[in-house]
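Engineer: sharing a model that was predicted from the sequence below.
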Amino acid sequence: MRKEDCFYLGRIARKHSFKGEVVIALDTDEPELYKNMESVFVTLGHNLIPFFIEKSLLQKGNKLRVKFEEINSQIDAESILNSG
């Protein structure tokens, strides 16, 4: 997968809980279209890494609270902060 083949959705803005949830700041005018996604690609370094979504919840504004599979702690969540 190449970055040029992907659509920029937003960035992981902050941690939400001690269980590894994060908040994605969506770069869209229609955030409700993205509340039922199954997975996303996250840029880590120069690589696109797939992350599978366990659950998500649309918050006010263009924010989406997400629990990714295998991200289970604050330390795990910190490793993907500010990624897009």
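Structural biologist: Ah, there it is.
Engineer: who touches the strand ranked longest in the chain?
Structural biologist: The single longest strand within the chain, with elements called by DSSP state E, is strand 47-59. Strand 47-59 is contacted from outside by 1-3, 6, 23, 31-32, 35-43, 64-71, 80, using CB atoms under 8 Å, 6 or more residues apart in numbering. From N, CA and C alone the C-beta is placed, and that goes for glycine too.
Engineer: for the record, mean pLDDT for it?
Structural biologist: For strand 47-59, mean pLDDT is 95.
Engineer: following element in sequence after that strand, please.
Structural biologist: Following strand 47-59 in sequence order, the next helix or strand is strand 63-68 (DSSP states H and E).
Engineer: quick one, strands of this structure?
Structural biologist: Counting by DSSP E, the chain has strands at residues 10-15, 22-26, 39-44, 47-59, 63-68.
Engineer: make JSON lines from those and add mean neighbour count and distance to Ile75 to it.
Structural biologist: Shown next, in JSON lines, are the strands of the chain (neighbours: other CB atoms under 10 Å; distance: least, CB to CB, whole Å):
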{"stretch": "strand 10-15", "mean neighbour count": "17", "distance to Ile75": "10"}
{"stretch": "strand 22-26", "mean neighbour count": "21", "distance to Ile75": "12"}
{"stretch": "strand 39-44", "mean neighbour count": "16", "distance to Ile75": "15"}
{"stretch": "strand 47-59", "mean neighbour count": "14", "distance to Ile75": "16"}
{"stretch": "strand 63-68", "mean neighbour count": "21", "distance to Ile75": "14"}
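Engineer: right, and those - which one's nearest Gly84?
Structural biologist: Proximity to Gly84, assessed across the strands of the chain by CB to CB, is greatest for strand 10-15 (4.4 Å).
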